[in-house]
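> With the sequence up front, the predicted model follows.
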Amino acid sequence: MILENKKALVTGASRGIGRAVSESFLREGAEVWGIGTREPADLAERAGGSGGRFRWVTADLGDLDGIGDLMEELLKASGGFDVLVNNAGITRDKLSFRMSLADFQKVLDVNLSAAFLVSRAVSRDMVRRRSGSIINMASVVGIHGNGGQANYAASKGGLIGVTKSVALEVASRGVRVNAVAPGFISSDMTDAIPEAAKAAMLDRIPLKRPGVPEDVAAAVLFLASDASSYITGQVISVDGGMFI
């Protein structure tokens, strides 16, 4: 098991990509600490048969003022993390000329500012121990943009910038920072997309299918493991060739 004796913190771990990442880490022997607003009752049960161990923390990462205290408690309780996956994210889609400043800011708070604050706390500890891997969940929208998602694109594009900058800061201390940029992945978030828009996206994908959360989790697992020990500051697109 490639994550045996490793401790991982996964934000937004209750569903979709975050859940798939947590499950893959548990199968590979990790102790996974999940953060989210709704506890997934069956993840702890699944962990029992896989060699991993699951711990849950209910928290709203949109409350930026509370993140410092939350992370201090988690680092003390866990003894520190070997892997961090910043996956928590929201959307508030609307055409830019109809988008309120509140909706623009809320997406940036959860998708970007919270990820920065969590990374800042965890990376300090990783630097002290001279080891660790941080994986930020970006998006192809943060690279290429998308109509109706100016706030989401800004948050994910900003996260890519944070990924590259922090990677430069901590590499000499043995800490790696990378990002994964999913494309059209079947999830609760994409279920709300109109069928015509889904068909248009599928037409652009050479592999001719939407991705599933497990496709993204496989890339995250690779970046979390020692198999990627010479990779940092990179953005890996998991998009079925959508933007070749």
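Done, it's in.

> ranges for the helices of this structure?
Applying DSSP state H to the chain gives helices spanning 16-27, 41-48, 67-78, 101-108, 114-129, 140-144, 150-170, 188-191, 195-203, 213-224.

> Is it possible to get JSON lines of the ones you listed that adds mean pLDDT and distance to residue 242?
Any C-beta I mention is one placed from the backbone N, CA and C, and that applies to glycine too. What follows is those, written out as JSON lines (pLDDT from 0 to 100; distance: least, CB to CB, whole Å):
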{"stretch": "helix 16-27", "mean pLDDT": "95", "distance to residue 242": "16"}
{"stretch": "helix 41-48", "mean pLDDT": "70", "distance to residue 242": "30"}
{"stretch": "helix 67-78", "mean pLDDT": "97", "distance to residue 242": "33"}
{"stretch": "helix 101-108", "mean pLDDT": "97", "distance to residue 242": "22"}
{"stretch": "helix 114-129", "mean pLDDT": "98", "distance to residue 242": "23"}
{"stretch": "helix 140-144", "mean pLDDT": "97", "distance to residue 242": "6"}
{"stretch": "helix 150-170", "mean pLDDT": "98", "distance to residue 242": "15"}
{"stretch": "helix 188-191", "mean pLDDT": "70", "distance to residue 242": "13"}
{"stretch": "helix 195-203", "mean pLDDT": "82", "distance to residue 242": "8"}
{"stretch": "helix 213-224", "mean pLDDT": "98", "distance to residue 242": "12"}
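
> right, so of those helices, which gets closest to residue 84?
helix 114-129 (4.7 Å; CB to CB).

> ok and that closest one relative to helix 67-78, angle-wise?
Relative orientation of helix 114-129 and helix 67-78, computed by axes from the mean of the first three to the mean of the last three CA atoms, to 10 degrees: 40 degrees.

> Could you tell me which residues within helix 114-129 count as buried?
Buried residues in helix 114-129, counted by 16 or more other CB atoms under 10 Å: 114-119, 121-123, 125-127.

> go on, stretch 12-19?
Residues of stretch 12-19 classed as buried: 12-14, 16-19 (neighbour count, 16+ other CB under 10 Å).

> Quick one, which of the helices of the chain gets closest to residue 243.
For residue 243, the closest of the helices of the chain is helix 140-144, at 6.0 Å, according to CB to CB.

> packing partners for the closest one?
helix 150-170, strand 175-182, strand 235-238 (3 or more CB pairs under 8 Å, 6 or more residues apart in numbering; DSSP states H and E).

> sorry, back to before: and the buried residues of helix 114-129 as a markdown table, adding distance to residue 134?
As requested, these are exported to a markdown table (distance: CB to CB, whole Å):
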| residue | distance to residue 134 |
| --- | --- |
| 114 | 14 |
| 115 | 9 |
| 116 | 11 |
| 117 | 13 |
| 118 | 9 |
| 119 | 6 |
| 121 | 11 |
| 122 | 7 |
| 123 | 6 |
| 125 | 11 |
| 126 | 8 |
| 127 | 11 |
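
> show me the contacts for the closest residue to residue 58 other than its chain neighbours.
Distances taken as CB to CB, 6 or more residues apart in numbering place residue 39 nearest to residue 58, at 6.1 Å, with adjacent residues excluded. Neighbouring residues of residue 39 by CB atoms under 8 Å, 6 or more residues apart in numbering: 14, 56, 58.
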